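> sequence? don't have it. structure:
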């Protein structure tokens, strides 16, 4: 989250630097009117006090940090079943062909 905030601020600074008027041009300065919505302030206060998302998962599970478990959950939930359901039967079939000697017509051997 801190990287995202930094990236947004860096982009905003770069845009402001390139879109700023040149030294020769003098733009009239207007004081912006600032009105704070009380509902927005009331909603922002708890959000500022909330812990960062990076601190949401702490501790360990099975000797590994929980962040590591959360990061590799898609691998376990998607890639492993894909290997077991799609790739493994084809690999077993090919090993059977090699074991029987039928691999010559599949691998281009003479």
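Alright, I've got the coordinates. Bear in mind that the values here come from a model prediction, so they are computed numbers and not experimental data. Numbering: from 1, shown residues only.
> From residue 66, how far off is the nearest residue to residue 65 once chain neighbours are set aside?
Nearest residue to residue 65, sequence neighbours excluded (C-beta to C-beta, 6 or more residues apart in numbering): residue 59, at 7.7 Å. Yep, even glycine has a C-beta here, placed from its N, CA and C like the rest. Going from residue 59 to residue 66 by C-beta to C-beta, to the nearest Å gives 5 Å.
> what number of residues lie near residue 49?
7 (other C-beta atoms under 10 Å).
> make that residue 97, sorry
Other residues lying near residue 97 total 15 when counted by other C-beta under 10 Å.
> I'd assumed residue 103 was in contact with it.
Yes. With contact defined as C-beta atoms under 8 Å, residue 97 reaches residue 103; the gap is 5.2 Å.
> Quick check: residue 33 vs residue 42, distance?
Counting by C-beta to C-beta, the gap from residue 33 to residue 42 is 21 Å.
> Comparing these two, which residue is more hemmed in?
More neighbours surround residue 42 than the other of residue 33 and residue 42, with 9 against 5 (other C-beta under 10 Å).
> buried residues in the strand or helix carrying the more buried one?
Residue 42 belongs to helix 38-49 when elements are defined using DSSP states H and E. Residues of helix 38-49 classed as buried: none (neighbour count, 16 or more other C-beta atoms under 10 Å).
> So for it, mean pLDDT?
Confidence for helix 38-49, expressed as mean pLDDT, is 76.
> The very next helix or strand once past that helix pairs with which strands, and in what direction?
Going down the chain from helix 38-49, the next helix or strand is strand 60-61, by DSSP H and E. With DSSP bridges as the test, strand 60-61 is paired with strand 64-65 (antiparallel).
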